[in-house]
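1. Predicted model and sequence below, questions to follow.
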Amino acid sequence: WSAGTLAAALDLHSPYWAATAAVAVLLGTDARHTRARALHRVTGTLLGTILTAALFWLDLPAGPTVALIGLMLVCVELLVVNQYVLAVSLITPVSLSLVHLGAGSPPGADLIAIRLGETLVGIAVGLAAGLLLFPRTG
């Protein structure tokens, strides 16, 4: 709630991305795990935005884009438990590609900047909350 509210107060485009990033960080069970989740989330998002920029640069038609999204979703499911960084690096282009395909989405570079900003707000809020909730390692 705090991350979404802060993102809305900052007049960010999609506050729910900030809330989602905060929740992902808060899935940690202790301070060490919360810090690791935050690091994985930011690293995966940065890698994912690079991948997304490459996909936007390719400017594929809708059909191949949808097929690629499906393939990335399968990979996310295979990776999310053991390789969270890689899963996030695929979740990011999936979500941004779906938004980009939808009506009224901002241009590719703007969409990537929006995602980065909101994810960083969410990670910061989630990390702060997690460290307050889990003040020491398990």
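-> The structure has been received and is ready for your questions. Numbering: from 1, shown residues only.
2. switch to C-alpha atoms for all contacts and neighbour counts from now on
-> Noted.
3. quick one, domains of this protein?
-> Structurally, the chain divides into domains by the TED database as follows: 1-30, 32-133.
4. Can you add mean pLDDT and give those back as TSV?
-> Rendered in TSV, the data for those read as follows (pLDDT from 0 to 100):
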stretch	mean pLDDT
domain 1-30	84
domain 32-133	87
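5. Give me whichever of those is most buried.
-> For those, the stretch with the most neighbours on average is domain 1-30, a mean of 20; neighbours defined as mean count of other Cα atoms under 10 Å.
6. residue boundaries of the helices in this protein?
-> In order along the chain, the chain carries the following helices (DSSP state H): 2-9, 15-25, 31-58, 62-79, 84-101, 108-133.
7. Return the residues in contact with residue 2.
-> 19, 125 (Cα atoms under 8 Å, 6 or more residues apart in numbering).
8. Roughly how far does it sit from residue 109?
-> Using Cα to Cα, to the nearest Å, residue 2 is found at 27 Å from residue 109.
9. swap in residue 12?
-> With distances taken as Cα to Cα, residue 12 is found 15 Å from residue 109.
10. ok, now residue 17?
-> 17 Å.
11. now residue 36
-> Look at residue 36 and residue 109: by Cα to Cα, they are 28 Å apart.
12. likewise residue 89?
-> Here residue 89 is placed at a distance of 17 Å from residue 109 (Cα to Cα).
13. for residue 3, same thing?
-> 23 Å.
14. before we move on, what about residue 78?
-> If you measure residue 78 against residue 109 using Cα to Cα, the figure is 29 Å.
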